[in-house]
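Peer 1: Below is the structure, and that's it, no one-letter string:
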């Protein structure tokens, strides 16, 4: 049962601030700056916006961003929970709203000072216990030292290595590809700074088996989009990036970073659920995808994503990514912008922007003849994914 | 431009816990209990649920409720912000999702121990200042004593009285009607406890011009719904309560409880925006509505709601509600369940349940021949509203 909005909406505008480690200004200002840029990129004015979608963890409410931009009225506003898992979920939401005529043009934004103010990498250390389900859940694992995102992911990585014979070098190849792409992207924080696999191997341990260079950056910045119907998008400033599919997934016994009680923890069933819906919505197959922007907060979880979408068999991602096939010019270039490891960590939103640029043909590291670009959102959490396609 | 999902979806199941001042159990348990009841009321099983919508302020995440109920997979999950303003927004959202085929059956829930654990009535007292827009905004008003919801609403009430000659007795008539209805509703906290206008007038000041009996209860409890397409709902356990329209509204210079900088503060333009959309979606007029469940956290803001929907002219609500016309048997009975003043304060969600019962014809205080029941959500915040109709 394909969704009724698949292929009928588009991303018409993208906008971002610079990506840095210290923005030097408020997150509200970042949110407004990137939103203004996205609206302008679409060739619209703030008065044309009548819907807003953002993250539950976004600290700048719709009303403040709307007031600052001069948006008079909103007839749709909603939020997606689960941090980076929300990325493509915001687009799913916006697409549904414009297709359902709840509004005409949805602004989607996410902005934070994630490096200079609130660092997510510290995890739940120092968090006061409360009787809410979230804190009760952490109460079962925190006493054993599972306190940070890196530690939560390390459990999945260890099991994956054990079961499939993957090595730290296999994870490292994700970093090397990302940093290679970032090196030629002037917007990337690691512009001009590629790394070798040896450097990855020598980088210090964060939580075994994760080296420093397996962990994405912490960044300050904002990224925004304008979503509208495909019909309207065709009259706007850029060729539409068609939202061929935008889906969400929560799978059985889903946890928040710690779905350890499943029979197997080497796959990402919630991403598999997203994959199933995307193939159903689009009628495409993995061979029809020219580039994939994979959520890469930690390298190990990039591998099972390739498997869940069927780019390779279960446990075979390590073979798939050897010999540079995920780099520019390879079989499936991933994260041509440098990903979150190389460009910036904007909670998955800068990956969506790269998907749009690849479909527009305007990326700085452009994959040739992109018809379809896959984008995924946060792993190990309730997640989302999307296929962006060129307008036919 | 009517929304494409108007009239094509329905509320198929309703379920609630008891409403109390001390539930004696966790909010997760309340959320699961009311959800289970709603699913059973619809004649469905947890495995049939594939979407969840709730409030951003809900402390029980989708994944915990899904796991506890035995829901295997979710392909839509989203949240609505702005506390009680979210009530009908959750239904707007759920209707969009099932109409857009993102999922088939959406569970909507809200559960809290708002009396025995976290009382909203205390407002922002004791809240540590942070550099987020929300706290910066409160920083401009808190030093002047505007610290609680009652104090924020008192400003609107005072201006409304000044401009239109409304009196405390006019506000009191809302309370009297609500408590009269609650008195014959065994589920209401104030069952068997009607009040007189004299008792309202003698009740102590909370913040002038608000008496104690102008302020709704604080309650523990949970309320849930199942939303699906009208077509599917027709095969389920009860006659569908058709979602003829479910809309959201943020109007110009919208604040959170404190939109004081508008040219006029006696109306509720965001509710007017909802009204405009509802009349457009349904083609109905005020005379076609047999009962209205108005959000009544504080009595004064019930009056401009009647005006925004056109049940009476601007400033004329005081005349409209005199002589019992908002009581059972009157021209427009409001809150036949007793409202939040009389039944319970479940963030507007128990009002939606009453709307469903009125349309089903199964309410304890049944208005005769209900074809259309209006339900509104929180006022003075970004809001939402809906029209429930009998299936034709």
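Peer 2: Cool, the structure landed. A quick note: this is a predicted structure, and the numbers were derived from the prediction, not measured. Numbering: from 1, shown residues only, chains lettered A, B, ... in the order given.

Peer 1: ok, which stretches of chain A are strands?
Peer 2: Secondary structure of chain A by DSSP state E: the strands cover A:9-16, A:51-55, A:76-80, A:106-113, A:205-207, A:210-211, A:220-229, A:241-249, A:291-293, A:372-376, A:383-390.

Peer 1: Tell me who's in contact with the closest residue to chain B within the stretch 201-350 of chain A.
Peer 2: Per C-beta to the nearest C-beta, residue A:250 is where the stretch 201-350 of chain A lies closest to chain B, at 3.9 Å. The way it works is simple: take the backbone N, C-alpha and C, and place the C-beta from them, glycine included. Residue A:250 makes contacts with A:270, A:273, A:382, B:62, B:63, B:66, B:73, B:74, B:77, as judged by C-beta atoms under 8 Å, 6 or more residues apart in numbering or on different chains.

Peer 1: List just the nearest of those residues to residue B:349.
Peer 2: Closest approach to residue B:349 among the contacts of residue A:250 (C-beta to C-beta): residue B:62, at 16.4 Å.

Peer 1: Please name the residues that touch that closest one.
Peer 2: Residue B:62 makes contact with A:81, A:250, A:382, B:52, B:54, B:74, B:77, according to C-beta under 8 Å, 6+ apart.

Peer 1: my read: the fifth one touches residue B:89, true?
Peer 2: No. Residue B:54 is not in contact with residue B:89 according to C-beta atoms under 8 Å; the separation is 10.7 Å.

Peer 1: if I look at the two, which residues touch both of them?
Peer 2: Joint contacts of residue B:54 and residue B:89 (C-beta under 8 Å, 6+ apart) are residue B:80.

Peer 1: Who has more neighbours out of the two?
Peer 2: Shown here are residue B:54 and residue B:89; by other C-beta atoms under 10 Å in any protein chain shown, residue B:89 has more neighbours (32 against 28).

Peer 1: So that one is in contact with residue B:381, correct?
Peer 2: No. Taking contacts as C-beta under 8 Å, residue B:89 lies outside contact range of residue B:381: 10.6 Å.

Peer 1: so what sits against both of the two?
Peer 2: The contact sets of residue B:89 and residue B:381 overlap at residue B:82 (C-beta under 8 Å, 6+ apart).

Peer 1: and for the lowest-mean-pLDDT helix or strand in chain A, what are the contacting residues?
Peer 2: Using mean pLDDT, DSSP states H and E, helix A:133-141 stands out as the lowest-scoring helix or strand of chain A, at a mean of 86. Contacts of helix A:133-141 with the rest of the structure, by C-beta under 8 Å, 6+ apart, involve A:124, A:127, A:129, A:152, A:255, A:256, A:258, B:28, B:59, B:60, B:61, B:64.

Peer 1: Buried among these? Need that as a selection in PyMOL.
Peer 2: For the buried members of the contacts of helix A:133-141, the matching PyMOL selection, counting by 16 or more other C-beta atoms under 10 Å in any protein chain shown, is:
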select buried, (chain A and resi 124+152+255+256+258) or (chain B and resi 28+59+60+61+64)
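
Peer 1: and which of the contacts of helix A:133-141 is nearest to residue A:99?
Peer 2: Distances from residue A:99 to these, taken by C-beta to C-beta, are shortest for residue B:61, at 27.0 Å.

Peer 1: Please give me every residue in contact with the closest one.
Peer 2: Residues near residue B:61 by C-beta under 8 Å, 6+ apart: A:81, A:82, A:133, A:134, A:256.

Peer 1: now for those residues, which pair is the farthest apart?
Peer 2: Those two in these that are separated most widely, counting by C-beta to C-beta, are A:82 and A:133, at 13.7 Å.

Peer 1: Let's see the pLDDT reported for residue A:392.
Peer 2: Here the pLDDT value assigned to residue A:392 is 84.

Peer 1: If you could redo that for residue A:130, that was the one I meant.
Peer 2: Per-residue pLDDT puts residue A:130 at 77.

Peer 1: tell me, what residue is most central in chain A?
Peer 2: residue A:348 (2.5 Å; C-alpha atoms, centre = their mean).

Peer 1: Could you measure from that one over to residue B:319?
Peer 2: Note on residue A:348: its distance to residue B:319, by C-beta to C-beta, to the nearest Å, is 55 Å.

Peer 1: Next up, the contacts around the residue of chain A most remote from its centre.
Peer 2: Computed with C-alpha atoms, centre = their mean, the residue of chain A farthest from its C-alpha average is residue A:131, at 30.8 Å. By C-beta under 8 Å, 6+ apart, the residues touching residue A:131 are residue B:26.

Peer 1: Out of the contacts of helix A:133-141, flag the one nearest to residue A:235.
Peer 2: Minimum distance to residue A:235 across the contacts of helix A:133-141 is 40.2 Å, recorded for residue B:61 (C-beta to C-beta).

Peer 1: With distance to residue B:302 and pLDDT as new columns, can the contacts of residue A:250 be given to me in CSV?
Peer 2: Output for the contacts of residue A:250, formatted as CSV (distance: C-beta to C-beta, whole Å; pLDDT from 0 to 100):
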residue, distance to residue B:302, pLDDT
A:270, 43, 98
A:273, 44, 98
A:382, 38, 98
B:62, 33, 96
B:63, 37, 96
B:66, 36, 98
B:73, 41, 98
B:74, 36, 98
B:77, 33, 98
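
Peer 1: Would you mind giving those as CSV with distance to residue B:111 added?
Peer 2: Formatted as CSV, the contacts of residue A:250 follow (distance: C-beta to C-beta, whole Å):
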residue, distance to residue B:111
A:270, 24
A:273, 26
A:382, 19
B:62, 13
B:63, 15
B:66, 14
B:73, 22
B:74, 18
B:77, 16
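
Peer 1: and those residues, which of them are in helices?
Peer 2: A:270, A:273, B:62, B:63, B:66 (DSSP state H).

Peer 1: what about burial for these, which qualify?
Peer 2: By neighbour count, with 16+ other C-beta under 10 Å, the ones in helices among the contacts of residue A:250 hold A:270, A:273, B:62, B:63, B:66 as buried.

Peer 1: Out of these, which comes closest to residue A:279?
Peer 2: For those, the nearest to residue A:279 is residue A:273 (11.3 Å; C-beta to C-beta).

Peer 1: ok, now which ones touch the spatially closest residue to the closest one that is not a sequence neighbour?
Peer 2: Nearest residue to residue A:273, sequence neighbours excluded (C-beta to C-beta, 6 or more residues apart in numbering or on different chains): residue A:249, at 3.6 Å. Applying C-beta under 8 Å, 6+ apart to residue A:249 gives the contacts A:270-274, A:277, A:382-385, B:73-75.

Peer 1: and which of those residues is nearest to residue A:167?
Peer 2: Closest approach between these and residue A:167, by C-beta to C-beta: residue A:271, at 22.4 Å.

Peer 1: Run a quick check on the closest one versus residue A:304, I expect a contact.
Peer 2: Yes. Contact criterion C-beta under 8 Å: residue A:271 and residue A:304 qualify, at 7.4 Å.

Peer 1: what is in contact with the two at once?
Peer 2: Counting by C-beta under 8 Å, 6+ apart, the common neighbours of residue A:271 and residue A:304 are residue A:379.

Peer 1: Neighbour count for the two, which is higher?
Peer 2: Between residue A:271 and residue A:304, counted using other C-beta under 10 Å, the more crowded position is residue A:271 (28 against 24).

Peer 1: tell me the contacts of that one?
Peer 2: Residue A:271 makes contacts with A:249, A:304, A:305, A:308, A:309, A:376, A:379, A:383, A:385, as judged by C-beta under 8 Å, 6+ apart.
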